[in-house]
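Visitor: Show me the folded form of this:
(chains A, B, C and D)
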4 protein chains.
Amino acid sequence: MQNEPLMDVAHLGHLELLTPKPEESLRFFVEVMGMTETGREGDSVYLHAYDDYERHSLKLTASRLPGLGHVAYRTRSPQALERRVAALKGSGFDIGWTNGDLAHGRAFLCLDPDGHKIELYYETQWYQPPPELRPALKNQAQRFPARGINVRRLDHWNGLAVDIAANREFFEKYLGFRLTEQIVMDDGSEAAIWMTCTNKSYDFAYTRDHTGTKGRLHHITYAVNSREEVLLAADICLENGVFIETGPHKHAIQQTFFLYVYEPGGNRVEIANPGARLILAPDWKPIRWSEAERKKGQAWGLKTIESFHTYGTPPVEVVTKV
Amino acid sequence: MQNEPLMDVAHLGHLELLTPKPEESLRFFVEVMGMTETGREGDSVYLHAYDDYERHSLKLTASRLPGLGHVAYRTRSPQALERRVAALKGSGFDIGWTNGDLAHGRAFLCLDPDGHKIELYYETQWYQPPPELRPALKNQAQRFPARGINVRRLDHWNGLAVDIAANREFFEKYLGFRLTEQIVMDDGSEAAIWMTCTNKSYDFAYTRDHTGTKGRLHHITYAVNSREEVLLAADICLENGVFIETGPHKHAIQQTFFLYVYEPGGNRVEIANPGARLILAPDWKPIRWSEAERKKGQAWGLKTIESFHTYGTPPVEVVTKV
Amino acid sequence: MQNEPLMDVAHLGHLELLTPKPEESLRFFVEVMGMTETGREGDSVYLHAYDDYERHSLKLTASRLPGLGHVAYRTRSPQALERRVAALKGSGFDIGWTNGDLAHGRAFLCLDPDGHKIELYYETQWYQPPPELRPALKNQAQRFPARGINVRRLDHWNGLAVDIAANREFFEKYLGFRLTEQIVMDDGSEAAIWMTCTNKSYDFAYTRDHTGTKGRLHHITYAVNSREEVLLAADICLENGVFIETGPHKHAIQQTFFLYVYEPGGNRVEIANPGARLILAPDWKPIRWSEAERKKGQAWGLKTIESFHTYGTPPVEVVTKV
Amino acid sequence: MQNEPLMDVAHLGHLELLTPKPEESLRFFVEVMGMTETGREGDSVYLHAYDDYERHSLKLTASRLPGLGHVAYRTRSPQALERRVAALKGSGFDIGWTNGDLAHGRAFLCLDPDGHKIELYYETQWYQPPPELRPALKNQAQRFPARGINVRRLDHWNGLAVDIAANREFFEKYLGFRLTEQIVMDDGSEAAIWMTCTNKSYDFAYTRDHTGTKGRLHHITYAVNSREEVLLAADICLENGVFIETGPHKHAIQQTFFLYVYEPGGNRVEIANPGARLILAPDWKPIRWSEAERKKGQAWGLKTIESFHTYGTPPVEVVTKV
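Guide: Residues are numbered from 1 along each chain as shown, chains lettered A, B, ... in the order given. So this is what the prediction gives:
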């Protein structure tokens, strides 16, 4: 009888995004994405999508270069946090405890094999809307903004990594994430992975960084309620001069209906809708896509745009200059 | 430190629906709902929605009266099944092991406090599409039918029950379901509960049966990918002479966008879309709706139709005549 | 050989709405409906939906009571205007020429048999967006606002009238409107008419005023691009405390997908989407709905709400008090 | 005072499509597009979209090569037909009267300057659904099929032409079509035109044929009710092995939300939705797009696919071989 699945990580909690243009980035997330500022501290502004239950899902931090500050996952219980920390301690990936942040309690830091900074925490502040933002329906965190794209909640993020297999094994072994889809090249190497700790078909993905640069970000993703709202998002980006890289279209992999844009700081942001697709099977068999299948492009035949394979943050030409 | 959540039940697996008009009901599920027949045995036909990963999510059984045959939940692992069985044995709710069914392995039967038959199982057959039903995208169970309503997957079911609190406690204690929303009357009694074992905001609900009749069914629900498809479903039901009870509209509770119809056998069937709403918080605080709030009707003010409070299957006037 | 159709009226141009709460009404049209203020004069504010080609489609005028100020139709040419004026002069319905208004040239005023004030004009100002409202696509009048409901353009209006047949004959004879649908009671009397001068299936409707009061307004309607946006409009009204009278749902008559709300001044406002439905036939045969058919309710079975048959502006209890 | 607009042509009535694979093409239009066969005669099958008011909008004719047989426009009245014929006779474009076709009366044939065969008619058969196809709502021509893409009605067609200006002048002078948008190259030559005789923003378009071949077809277009249905159409084409050339995406020109596929006979077919956009202005000023603007690609930045500029039917390599 096989081992039982680890269920210790509950969900992706928040992301820290670095931006060299903090004011423009903030305006993008508030005016175009429709998010709400929920705190400020130092060089960081905290942001909330209207149905995120925690106080923030995005920490926007001024920085010389764009990129990812850290990724935070909330554990299912205090005990689960202790178990994951016990497993990580001495693994070589562990950094150690911090006192937490503006909106959550103590956290344990580690690095994935590619060097992305991963934070685990349990104690958190639930979002409390001020009177003017109280929702009409009390099962919703905040009132629907009716401003810009109206993203509902943080959905997932996508990292670039040099060694995809090493990262997959790290997340399987230490954090209990389950692989749902992957790209396997003709030489047997893994080119991309999609992993989940929920019933969403993925909470993050890693794509191979062909430049050999470590720790970079491919994109972060917020969810809207329908494909129609992704189309409206494209109209809104067009009107606001936001650079649209590709989409709207449907990914063959994971079937996500996507729109990719660059926020003013240079980070790629996705607005997405998955339809009614969920992974309910506790023993889901990972879908493997071959090189040939990948070359077919997206679901309806759109060729994958070249920059999608090369652009990440920080941009590699800037990194290597440093 | 509080106890950790039980994570032993993975998801709602399938429902058995009883129908006095088996041919008309079958035609409804195949032609109007867009489902596929995947087996027959005795008086039962097995049916599959295009993205159900298991061989069936609906067992349609000929019967003198409409209603619910049984409800089946799949456990997260063989070990999880053993743990739930161990807890149930001797509880007074347990019936015992069966050899399983056409499409799944051995199962443990029990009764909830209201007498609905509940089945737990782990071993299952994955759906294998015949060549003409193979999907273009291999992360989907079956090709999109493009026929009728095109329901994607089983979503939840709703039982009527005489003692709501007793049922809530049963599912919390023995099966580890978590309460996400409920209606609490002014006298403190519970009038309805919504519970989940996944990240969906509910996998089932129970509503108080004012007739005092036990074991009845309120409705079963299939999910489509968008609210637009729920609207199309209403058009399709109208054209096919299917009785539309209420909707499309949005529930205040759980925010589900719904359409309720009666299949030819008399059972209520819902076609629904939840948007991007998920319960990610492992410590979700149940939303309590008061009598006064409930009387406001649905989200956009639609008064709850009277039959919604009284009609279930089998119809009570038939049951009491027996 | 039958007479050729009159093609002299091009389209519904604008409506003047009276409101006893001018500031709240203005906030509703700007913040909730997503319209833009394009002028002020006296007690009136002029408003523009983002793809209205003329400078305004709504003139909001402070008044003791809510209701309709006037309805304006643009003719197809200067010559067409002269022809209609020639036909009206001496008809008993004519009032005479005015010097026009803030955003259009000289106009000819008349009264329909029920006393609604009708204005005909040809010369008009095209909307010129200020730099910050210039659209990304130059075939659109103004940039998509991404604020509130984002109505695209004025669609139609609905008057209450005591003698429906007399009004139909007036619009057929003097203005060349064509009847597309109607309700005919069992006694042969007309209870409602839908008429068009375009390929839209109606540019206005009249419904019998059971109170016997003349010149009242049932509602005005703005169009959005999809049914999904009508659903979003309902969410937005809910969040903004706007009273939702009925909908979203689909009318059996004309198949319009509708949402009816009351603006703060008390006037009924509809947000609607017709799908791809157009009347292309130059010899369309009017659809006649009987009393029995009308009683079936809306397309998907929603019973027509009582206030829909009784409420108009100004409210009759106020009018009769005067 | 300028001349009044000609209003003699009411709308695009039907198209004759030539196909070298008549059975496969028929299956495509019936099973994938969701249309209904309404007649057969000789090598032709007549097809109806569910809300076309006439008996057919498509005549599918077996032929050695794919391409356009003829295009038919219905006039607004018998008198209007006589006027257009009088104008055309002796123009050099006229061919002469025919006895009509299966579903419409006598027609006058002419050729546009590029040699596309144009038919004008007034007398027509209204579609009469057999009992099993009667709609639930009597203002709809036929019951909603709930099969495949469910196209609602013929929308427009797009021809390739060697001399765009000559074609524009022909349609303006002889048939009264109005130019709504166009592409004008840096050298002042016209590269494409969009013209209308209705409130739709175009009833046909002509695009310059860079191969210098006359009389070819770029595509025909059917309308669905929403952008969501265009997305569903893409899923359905994917599942049915229908070649998707480009889309779904939004055209900058005319803002049409499009999907282009090739039917089995080789002709390009578009499924489209225009949202709520209509041309209501009787004096619409044509939008001119420059070479530079055209090179920006589609509305959201999708580069126009190369085959869109080169592929038409019959394919030029086949034509020139003849």
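
Visitor: Could you measure from whichever residue of chain A sits closest to chain C over to A:Glu239?
Guide: Nearest to chain C in chain A, going by CB to the nearest CB, is A:Glu228, at a distance of 4.1 Å. For the C-beta atoms, the positions are set from N, CA and C on the backbone; glycine is no exception. To A:Glu239, A:Glu228 is 17 Å away according to CB to CB, to the nearest Å.

Visitor: same deal with A:Lys295?
Guide: 34 Å.

Visitor: which of the two has more neighbours?
Guide: Between A:Lys295 and A:Glu239, counting by other CB atoms under 10 Å in any protein chain shown, A:Glu239 is the more crowded of the two (21 against 9).

Visitor: distance of that one from A:Leu232?
Guide: A:Glu239 sits 11 Å away from A:Leu232, going by CB to CB.

Visitor: ok, now A:Lys303?
Guide: For A:Lys303 relative to A:Leu232 (CB to CB), the value is 25 Å.

Visitor: same thing with A:Leu65?
Guide: 32 Å.

Visitor: neighbour-wise, which of those two wins?
Guide: Ranked by neighbour count (other CB under 10 Å), A:Leu65 and A:Leu232 place A:Leu232 first, with 27 against 15.

Visitor: Tell me how many other residues surround the residue of chain A closest to chain C.
Guide: Per other CB under 10 Å, the neighbour tally for A:Glu228 reads 25.

Visitor: same question, the one 10 residues further on
Guide: By the criterion of other CB under 10 Å, A:Leu238 has 21 neighbours.

Visitor: what residues does chain A put near chain D?
Guide: Counting by CB under 8 Å from any CB of the partner chain, chain A comes close to chain D at A:226-228, A:231, A:234-235, A:237-238, A:244-250, A:257, A:259, A:299-302.

Visitor: all helices of the stretch 1-150 of chain A, in order?
Guide: Shown for the stretch 1-150 of chain A, the helices assigned by DSSP state H, counting those that start in this stretch span residues A:22-27, A:78-88.

Visitor: Now the residue lying closest to A:Asn158 once chain neighbours are set aside. Its backbone dihedrals?
Guide: Nearest residue to A:Asn158 in three dimensions, chain neighbours excluded: A:His218, at 4.0 Å (CB to CB, 6 or more residues apart in numbering or on different chains). The phi/psi pair for A:His218 (degrees, to the nearest 10) reads phi -90, psi -60.

Visitor: Which of the helices or strands spans A:Glu228?
Guide: Secondary structure from DSSP states H and E places A:Glu228 in helix A:227-239.

Visitor: Tell me, how many residues neighbour the residue lying closest to A:Glu293 once chain neighbours are set aside?
Guide: Counting by CB to CB, 6+ apart, A:Glu293 lies nearest to A:Ala252, which is 7.6 Å off, once chain neighbours are set aside. For A:Ala252, the neighbour count with other CB under 10 Å is 24.

Visitor: Same check on A:Leu280?
Guide: When neighbours are defined as other CB under 10 Å, A:Leu280 has 21 of them.

Visitor: Ok, A:Val184 next?
Guide: Neighbour count for A:Val184, taken as other CB under 10 Å: 20.

Visitor: confidence score at it?
Guide: At A:Val184, the model reports a pLDDT of 98.

Visitor: My guess is it contacts A:Ala192. True?
Guide: No. Counting by CB atoms under 8 Å, A:Val184 sits too far from A:Ala192 to count as a contact (9.1 Å).

Visitor: sec struct for A:Phe171, please.
Guide: Here A:Phe171 is helix, with the state taken from DSSP: H, G, I helix; E, B strand; the rest coil.

Visitor: any idea how far it is from A:Phe108?
Guide: 15 Å.

Visitor: A:Tyr222 sits in which helix or strand?
Guide: strand A:217-223.

Visitor: list the helices and strands that strand packs on?
Guide: When contacts are defined as 3 or more CB pairs under 8 Å, 6 or more residues apart in numbering or on different chains; DSSP states H and E, strand A:217-223 packs onto strand A:9-19, strand A:153-161, strand A:268-273.
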